[in-house]
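**Student:** would you be able to build a 3D model of this:
(chains A and B)
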Amino acid sequence: MSSGPRTLYDKLWEAHLVETRPDGTSLLYIDRHLVHEVTSPQAFEGLRLAERPLRRPEAILAVIDHNISTQNRTDGSFEETSRLQVEALVENVQAFQVPYIPLLDDRQGIVHVIGPEQGFTLPGSTVVCGDSHTSTHGAFGALAFGIGTSEVEHVFATQTLPQRHSKNMRVRFEGTLPEGVGAKDLALFLIGQIGTAGGTGHVIEFAGSAVRALSMEGRMTLCNMSIEAGARAGLVAPDETTFAYVAGRPMAPAGPLWEQALANWQRLPTDEGATFDQDYTFEVSGLAPQVTWGTNPEAVVDITGRVPDPSAAADPAKQEAMRLALDYMGLQPGTPLEEVPVQVVFIGSCTNGRIEDMRAAAHVARGRKVAPGVRALVVPGSGLVKRQAEAEGLDRVFLDAGFEWRLPGCSMCLGMNDDRVGPGERSASTSNRNFEGRQGRGARTHLVSPAMAAAAAVTGHFTDVRRLLEVR
Amino acid sequence: MKPFTTLTGVAAPLLRANIDTDLLIPKQFLKTIVRTGLGRHLFFELRYDDQGQERPDFVLNRPEYRQTVILLGGPNFGCGSSREHAPWALLDFGILCVIAPSFADIFYNNCFSNGILPITLPLAAVEDLATEGSLTVDLPAQTVSGGGRSYRFDLEPARKTTLLEGLDAIGVSLTSLPAIEAYEARRAQATPWL
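**Tutor:** So this is what the prediction gives:
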């Protein structure tokens, strides 16, 4: 194909191209397919109706995460209405011989946490899932994107998807992040800059010294949120941090295959001189913790800021949208964010449910108490995250401070189980969407980092976590 | 999938920006294992009050919009979750075409999987068309018209064919089976760890 300098995305695309049709569409090969209970039943049913076989069951990893209780795992612990989907998945994985992590297995957890944990997600691969936050896996230098249920069925039947080549965007974060500021703040800051549709039609490669310095957990948080900027996918070029994370994982290559894979992965990073359709650079050494104030992730300000005034917005449509958002959120323009009280704190989700997130929150919570009137949940992203956190004593830190320590699942990020934010209640949430009704009907969601969520929990209102860390 | 050629009927305006898929159909209705019956839950939060009664001022509840087949939306329509329940709910309600200044990627793809035509037009055109109660969409000619006005829209030829012929996308890909098998043979050599 092209012989000039190529981007990481171009390399991934070309390596997975099965064929290009005369009409310009390309058939892309899919290496890895994550499956959960909510978006798969109709896809399995479609195969049955069309009497089509599932092409490569071994390319799939299935798990239950969206619907389940985070309080107990005994039989019947999920809401009655969820039972049908849970049972359907168990039945389907048996009927189609699909690898499945059972509910009571320690490895169970959120799809986007367990894929990397198991070494199922690998650099240089294509990863899909019927879930928009599949962009998470781009942190490994994998081309990973969310798909609809019809496409899930398409991958089941063909192991391919018809795709169009996206444009290349690069976002460079340069500098050293201050203590208390992390990947979630980078993600929210970026969406505030380019907007929720700023990445539409693009694959975003994250680069720069601040990205190189991120752990895999941080890179996953960043790529996870690239869908909230509308991007097709997010990417970080694999490096030593990536290889160290992948090495020794149960499903990762080992021995001579590892050496062969490593040589391949080292050739993935964007070539010198490759061009991007869009290229942004942000200096982030002075970045403040971010908090959203509205009903989509681009409505974000520094924690030191105030709720914006719609009348200051440029056009009438924008003003009206801001008024609607403030009305839903129950906020007055000009209010300092630090004066906004919270009733619920949620630490978890595919965005921020990993061990590093648990550590960051526990570091703030240690020796402090959840403020009166605040309900605070910590939901590890997987059984393995939970086990690790407990080995480090983080569960004790949370429990001593008055947080609830729950079982892994998607939980209050979208409230498909019984973890919901009540009508008119305000939450500080480490999840990814502050849409109307997302965490519960009438719920008012503010997106923050795990450290900021913990800070809100112990003070009862949004608080600049940097101040709490100063006294550590 | 039913072929899409032309469509004439009620067009409802809902011009706010960032209509996300949580708004199109909230989480409590994702627990189904079938594709049908979601139309009554479309725009649930906007359409019904806390007691489950219809809000009379919501556009789809107004008498003149009960038979809506075309929806006019704002920029970044369908952002958020990949849930195909969103187009399933539109389809079940009877909406076969959405016109907006821009769409989120996954939702846009999901529309074509379900025979729904998403049309991208500039905001001014969408606003202009929103003043008409009834519109005609002509897919072969790639036009939307009503009240004496007509706008031409762009559409990728492959997407157009899919809708015009009501193609089974999986069936089409399976005609490439030899290419898929050849790729798999190359892949086994080049990246055996995958």
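**Student:** what's the local residue count around residue 140?
**Tutor:** No chain in the question, so chain A it is. 29 (other C-beta atoms under 10 Å in any protein chain shown). Where C-beta positions appear, they are placed from N, C-alpha and C, glycine not excepted.
**Student:** to clarify, I was referring to chain B.
**Tutor:** Neighbour tally, residue B:140, other C-beta under 10 Å: 9.
**Student:** check the secondary structure at it for me.
**Tutor:** coil (DSSP: H, G, I helix; E, B strand; the rest coil).
**Student:** now do the one 4 residues further on
**Tutor:** Following three-state DSSP, the label given to residue B:144 is strand.
**Student:** what bridges to it?
**Tutor:** residue B:137, residue B:151 (DSSP bridges).
**Student:** so it makes contact with residue B:132?
**Tutor:** No. Using C-beta atoms under 8 Å, residue B:144 is not in contact with residue B:132, being 9.7 Å away.
**Student:** the more surrounded of those two?
**Tutor:** Each of residue B:144 and residue B:132 has its neighbours counted (other C-beta under 10 Å); residue B:144 has more, 27 against 19.
**Student:** check contacts around that one.
**Tutor:** Residue B:144 is in contact with B:99, B:119, B:121, B:129, B:135-138, B:150-151, B:153, counting by C-beta atoms under 8 Å, 6 or more residues apart in numbering or on different chains.
**Student:** of those, keep whichever come out buried.
**Tutor:** Listed as buried from those are B:99, B:119, B:121, B:129, B:135-137, B:151, B:153; burial here means 16 or more other C-beta atoms under 10 Å in any protein chain shown.
**Student:** longest strand of chain B?
**Tutor:** Ranked by residue count and defined by DSSP state E, the top strand of chain B is strand B:6-14.
**Student:** what sits up against that one?
**Tutor:** Outside strand B:6-14, the residues within contact range by C-beta under 8 Å, 6+ apart are B:59-60, B:64-74, B:96-97, B:99, B:117, B:129-130, B:132-140, B:146.
**Student:** what do you get for stretch A:82-98?
**Tutor:** In contact with stretch A:82-98 (C-beta under 8 Å, 6+ apart) are residues A:35-38, A:40-41, A:44, A:47, A:54, A:57, A:60, A:62, A:64, A:67-68, A:76, A:78, A:99-100, A:103, A:156, A:416-417, B:31-33.
**Student:** what about that stretch, distance to the chain center?
**Tutor:** 25 Å (C-alpha atoms, centre = their mean, to the nearest Å).
**Student:** could you pull up the mean pLDDT of it?
**Tutor:** Averaging pLDDT along stretch A:82-98 yields 95.
**Student:** what's the answer for stretch A:297-314, then?
**Tutor:** 96.
**Student:** do that stretch and chain B meet at all?
**Tutor:** No. Shown here: stretch A:297-314 not in contact with chain B (C-beta under 8 Å from any C-beta of the partner chain), separated by at least 8.6 Å.
**Student:** got the buried residues for that stretch?
**Tutor:** A:297-303, A:306-308, A:310.
**Student:** do the same with stretch A:240-259
**Tutor:** Quick answer for stretch A:240-259 (16+ other C-beta under 10 Å): A:241-243, A:245-246, A:249, A:251-253, A:258.
**Student:** tell me which strands the longest strand of chain B pairs with, and in which orientation.
**Tutor:** In the sheet, strand B:6-14 lines up with strand B:68-73 (parallel), strand B:134-138 (antiparallel) (DSSP bridges).
**Student:** specify the helix with the largest residue count in the chain.
**Tutor:** By default, I'm working from chain A. If you go by DSSP state H, chain A has its longest helix at helix A:80-95.
**Student:** chain B was what I was after
**Tutor:** Per DSSP H, chain B has its longest helix at helix B:177-190.
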